[in-house]
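Student: Next one to model:
(one chain, ligands or ions: 1)
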Amino acid sequence: MKTLITGANKGIGFALAQNLGHRGYEVLVGARNETRGQEAVEKLKAEGINAEFVKVDLDDLNQLTSLSALTDIDLLINNAGISGNIHSDKGHLDMEKSAFDYSNSDLEETIKTNFLGTHAVITELLPHSLTENAKIINITVPVSQEYWMPLAYVTSKAAQNAMTFAFGHQFKKDKSQKQIFAVMPGAVATDLNGAKVGDSPFVKSPEETAQMISKFIFDNKNHNAQIINFDGTIYDNYEPGLRNKVIKDVAKNGLKRKFKK
Ligand SMILES: NC(=O)c1ccc[n+]([C@@H]2O[C@H](COP(=O)([O-])OP(=O)(O)OC[C@H]3O[C@@H](n4cnc5c(N)ncnc54)[C@H](OP(=O)(O)O)[C@@H]3O)[C@@H](O)[C@H]2O)c1
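Tutor: Here you go, the predicted structure:
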């Protein structure tokens, strides 16, 4: 069994590498920086894990084409990501930062890394590198919570979440055995947000988070096209009200009629 984890040199990605490595997975440590990636590989090897560095730079779409040479990946974990300039003069993780304080380049940079880069990793691996029953897991966040809506970050993750649904539905349509789903881990103490375990009762360690994510990977349920919250709540749609209305309309009038002029 083989897994590729992007951004596996630290934080949640490294904890997942340890967790899956101890379950017997061969771990491909995806990292953009070779020195940081190799350091993570050495730490994993010291724990008896079969690990290898693979360069994954989400900001370099040309570099990502090299991933198509990989083979037999059972688990692809799209973990690498950036927070998209959530800092302000009030602090590292400014929960109150105004949505109007994000520049176009904040949006461009964050969407490029979190969405376009992740999209490219998946599409490079899809044709030949994944096993028939492979699972693709995206690490994500809720994107419309009033208490925390950093514009660049949630916009990039919303696009990623839409991709999770779209690719999941395509797998179903194609009768593929593959699955793609996303997990929302909640607040985790990592460099991404500068939070520490104990800052609040909600902040988890990366190790606890890896354990929670792996529970969903190995629960023998089909999670294709779902977004799973850390407490197990499952979302399969962003607009349930809209879906119900459209489905009722289509059931009543038929699909063709909806598109008639
Ligand atoms: N922490 C949380 O509370 C939380 C909550 C929900 C979701 N998440 C998600 O969890 C994932 C992991 O975050 P984390 O909290 O573990 O953060 P982290 O400790 O900052 O780790 C982020 C990882 O992503 C890598 N990365 C960043 N930009 C990259 C790029 N352009 N190409 C390749 N790798 C890149 C980093 O590599 P470098 O070391 O080279 O920078 C690092 O390995 C992210 O997708 C994040 O959105 C986190």
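Student: Please, where are all the helices along the stretch 101-250 of the chain?
Tutor: 104-111, 118-125, 151-173, 206-217, 240-253 (DSSP state H, counting those that start in this stretch).
Student: of those, which approaches residue 86 most closely?
Tutor: With CB to CB as the criterion, residue 86 lies closest to helix 151-173 of the helices of the stretch 101-250 of the chain, at 6.4 Å. In this view, the C-beta of every residue, glycine as well, is placed from N, C-alpha and C.
Student: now the angle from the closest one to helix 118-125?
Tutor: 30 degrees (axes from the mean of the first three to the mean of the last three CA atoms, to 10 degrees).
Student: Distance-wise, check the residue in the stretch 51-200 of the chain positioned nearest to the ligand relative to residue 220.
Tutor: Across the stretch 51-200 of the chain, the shortest distance to the ligand (CB to the nearest ligand atom) belongs to residue 81, at 2.6 Å. From residue 81 across to residue 220, the span is 28 Å (CB to CB, to the nearest Å).
Student: Check residue 145 too.
Tutor: 30 Å.
Student: quick one, which of the two is more surrounded?
Tutor: For residue 145 versus residue 220, neighbours defined as other CB atoms under 10 Å are more numerous around residue 145 (9 against 5).
Student: Show me the beta-bridge partners of that one.
Tutor: residue 148 (DSSP bridges).
Student: Low-confidence regions, the stretch 101-250 of the chain specifically.
Tutor: 241, 243 (pLDDT under 70).
Student: re earlier: which one, of the helices of the stretch 101-250 of the chain, ends up nearest to residue 224?
Tutor: Taking those one by one with CB to CB, helix 151-173 is closest: 4.7 Å.
Student: ok, which residues in the stretch 51-200 of the chain are in contact with the ligand?
Tutor: Taking CB under 6 Å from any ligand atom as the contact definition, the stretch 51-200 of the chain meets the ligand at 56-59, 79-82, 113, 117, 139, 141, 185, 187-188, 190-193.
Student: Narrow those to those in strands?
Tutor: If you go by DSSP state E, these have residue 139 in strands.
Student: Buried ones from the residues of the stretch 51-200 of the chain next to the ligand, can you make that a PyMOL selection?
Tutor: Buried residues within those, by 16 or more other CB atoms under 10 Å, are selected in PyMOL with:
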select buried, resi 56+57+58+79+80+81+82+113+117+139+141+185+187+188+190+192+193
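Student: Just send the helices of the stretch 101-250 of the chain back as a markdown table, with mean neighbour count too.
Tutor: Conversion of the helices of the stretch 101-250 of the chain to a markdown table gives the following (neighbours: other CB atoms under 10 Å):
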| stretch | mean neighbour count |
| --- | --- |
| helix 104-111 | 16 |
| helix 118-125 | 20 |
| helix 151-173 | 19 |
| helix 206-217 | 19 |
| helix 240-253 | 11 |
